[in-house]
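Peer 1: Just the structure for this:
(chains A and B)
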Amino acid sequence: MRKKGCFWYWTFSLLVLSGCAQPKILEEVGLITTYGLDHAENGGILGTMVELKIDPTTPHDVVILETEAFSIRGIRSNANRMTSKRLASGQLRVIVYGEELLKLGSTGIAQTVTNDPSVSDMTYLAIADGTARDILNVKAKHIPDIGIHLFRLIDQNTKEKMMPSATLQEVLHNHYAVGREPILPIIKKEGREGIGFSGAGLFKGSKLVGKISADQSFYLNLIIDKYKGGNKDFVIKSSKLKPRNRRLNKTVASLDSMGSSSHIKLINKEKMEFDIDIKLTGRLLEITSQIDLGNPQNIKLIEKEITKSITKEIEKLITYCQTKESDIFGLGEIYRSSVRHSKLTDEKWYKMFRKAKVNVNLDFSVRRSGLNE
Amino acid sequence: MKVQYQPNPQYILSTFILFFIIHSIQVGIGIQGFQRIIFLEAKQDAWISVVLAGLFAHIVVIVMIKTLQLYGPTDIYGIHGEVYGVWIGKIVNSLYILYCLWVFETILINYIEVMQTWVFPNVPTWLFSISILLLVIYGVTGGLRVIVGACFFSVILSLWMLGLIGYPLRFTDYHHLLPVMESSITSILKGTHKMTLTIIGFEILYIVYPFLKEKGKVTKFAHLGIAATNLLYLIIILITICYFSPGQLENTIWPTLSLFKIVKLPFIERTEYVAVSFWLLIILPNLMLYLWAAVRGVRRTFEKKAKGLIWCFSFVIFLGSLFFNTRPKINQFNDLFASMTFYIAFCYPFILYFFALIKKKMTSLKEKEK
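Peer 2: Sure, this is the predicted structure:
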């Protein structure tokens, strides 16, 4: 028995002594929270990283690192030379791409990121208006940590559906899907001290081909996503409504607690005709016109006018995307799934999407109008 | 060697435990990445392949139980001895033992590879290999009852993982499944063939059979076990196809683990790390059962003592695991293995049943002549 115990003792101490994985102690690693990737002049990538250090002795625990390399891993290992702590990308939250880099067509970079198991699929991707380096170098008193600030900004707006959702998983999903293109939000420097969401970028294959405004991205969300909550102003151009403000020649209605659902159908296979049915409801809280909201007739009128204005905006958006050959609505996927043996490829779909006819049917109704009638 | 084998009463198991044995031995390493392999063949109709493979497994189990019922309480080693005679029987038995060890090796190296890619890239193979093997040896020396306990707990304790499937559901798009039946029948069948590595395991019934208490209920619980596995596979492949776009799925080696990548719990951000490590609990009963089956084979065929054998087999497997350490080698090993198992697990039971029937007929004719 004694002998046996001795044997086990040695085996286990051997295991315990020699069998250690490389530890990652929080005080000894620098956490990269944000990557900024730009096109470098020599054809490589200019990386800007926000590193979060856990160090009680220094007042600033955020460091911005800049290096050039030809691969993402290269950026990290090059940056490692400039830090006192080993860099780890397990806490990566946001990847910002410079506009130039995407115009060259390098979303392939996103693929290489997923190859690393330590990077989460819920990492947000975004485009910088200009260079990513400028965005990450914004210094303001109210932004102590640009990496976390950026992440919160995107996270909050995505959950509120103000921004199109662009996590690594969703972008790669749409990138690899035939008949659907990814969409990334654009982050812009606002004034000297702020950053904000300014629109979304359209892709064709892996190339950035166009941009839509933040306003338009709302209409895009109406089609591809479901709304629950959120508010939005709509401009009504009608002679029947008299604006309260003489100098403003249009009426603005503000909706709140909006709810929407949409459905896309292929109605004609040969002529490539699609129907987009959208249902939208909301509370009318504010309107810049002297109109009696207690009168159901007036509500009908407002509903009609808002429907007209939204439909027009959506049609404009679709036409714009068609000229850019970027199918961000996923019409191609609907086509592929309803036509047998279509053998659809991306190349084929770009041309077909251009010719597709899309009918927008919006069903909008005002639920109620706040506390006062 | 006797055909029939009647174990001592203290080793007899309740029949319902067969459900856990079969379910836990089927679910193992294959489930981590079967979707991609099938999807490459059958595209969006991959789920049909999975259903077909499941149905086929049911048919094979029917034949297996029929074969066993011809002889009463016995196992495959006894049947081999009876059908092929002493010498050929011994050779076939040895092959079957080799097969069990082969499966063991496959599971082990695949799991070690997953661990090394996902969680511990720097930990050497030998360390994983030794620590897992020690656990397995501990279980197998404890005998069948300990192993069966491990099966039971592996199923019960990993049920929570099913709950995590709700997270990827948010990102699914059922349009990926349409149009149904676009792939040709041949490619769907090819997909079914590729399911082999994932769905095998039910052949353990051949060896466990004499230990079960009520032989009449075996059919019921065996089929229930397989049905549970099939349902699980079907749910997983449906979610996978809806969650990943086709191009993405073709590039993902372990889709099931990648599904866990988006699960974020308030107290743990990266659940896939827990899932990968927890997988050991799912793998463990597989390994134990296969090693036990091999050791039993030697005991039944050559009437040798088990204890030294367990260590001996483990050592051979350990050496093997050191050799298969890169993706191409493991892939090659898997492919070779898959093509072989298809014949052993799916086709062989029919052949054995056919031979056993002829043998039975011949003996009864001889008895009549007397």
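
Peer 1: So which bits of the stretch 51-200 of chain B are right by chain A?
Peer 2: B:117-120, B:122-123, B:127, B:130-131, B:134, B:171, B:173, B:175-179, B:182 (C-beta under 8 Å from any C-beta of the partner chain). In short, each C-beta sits where N, CA and C put it, glycine included.

Peer 1: neighbouring contacts of the strand or helix carrying residue B:368?
Peer 2: Per DSSP states H and E: residue B:368 is located in helix B:348-369. Residues outside helix B:348-369 that contact it (C-beta atoms under 8 Å, 6 or more residues apart in numbering or on different chains) are B:60, B:63-64, B:66-67, B:70-71, B:76, B:79, B:82-84, B:203.

Peer 1: how many neighbours does residue 321 have?
Peer 2: Answering for chain A, as no chain was given. Neighbour count of residue A:321, defined by other C-beta atoms under 10 Å in any protein chain shown: 26.

Peer 1: actually chain B
Peer 2: Number of residues near residue B:321 (other C-beta under 10 Å) recorded here: 22.

Peer 1: how would you label it: helix, strand or coil?
Peer 2: Using DSSP: H, G, I helix; E, B strand; the rest coil, the structure places residue B:321 in helix.

Peer 1: again, but for the one 10 residues further on
Peer 2: When classified by three-state DSSP, residue B:331 comes out as helix.

Peer 1: Skip the chain neighbours and tell me the closest residue to the single nearest residue of chain A relative to chain B.
Peer 2: Using C-beta to the nearest C-beta, the single residue of chain A nearest to chain B is residue A:176, 2.9 Å away. Spatially, and ignoring its direct neighbours in sequence, residue A:176 is nearest to residue B:247 (2.9 Å; C-beta to C-beta, 6 or more residues apart in numbering or on different chains).

Peer 1: For the helix holding residue B:368, the averaged confidence score.
Peer 2: Here helix B:348-369 scores 88 as its mean pLDDT.

Peer 1: buried sites along that helix?
Peer 2: Going by neighbour count (16 or more other C-beta atoms under 10 Å in any protein chain shown), the buried part of helix B:348-369 is B:348, B:349, B:352, B:353, B:355, B:356, B:359.

Peer 1: quick one: whichever residue of the stretch 201-350 of chain B sits closest to chain A from residue A:345, how far?
Peer 2: Among all residues of the stretch 201-350 of chain B, residue B:247 sits closest to chain A, at 2.9 Å; criterion: C-beta to the nearest C-beta. Note on residue B:247: its distance to residue A:345, by C-beta to C-beta, to the nearest Å, is 11 Å.

Peer 1: ok but residue A:148 is inside a helix, no?
Peer 2: Yes - assessed with three-state DSSP, residue A:148 lies in a helix.

Peer 1: neighbouring contacts of the helix or strand residue B:140 falls within?
Peer 2: Using DSSP H and E, the element containing residue B:140 is helix B:125-141. Contact with helix B:125-141 is made by A:11, A:15, A:18-19, B:108, B:111-112, B:115-116, B:146-147, B:150, B:280, B:283-284, B:287-288, B:291-292, B:295, B:307, B:310-311, B:314, B:317-318, B:321-322, B:325, as judged by C-beta under 8 Å, 6+ apart.

Peer 1: quick check: mean pLDDT across it?
Peer 2: Computed over helix B:125-141, the average pLDDT equals 90.
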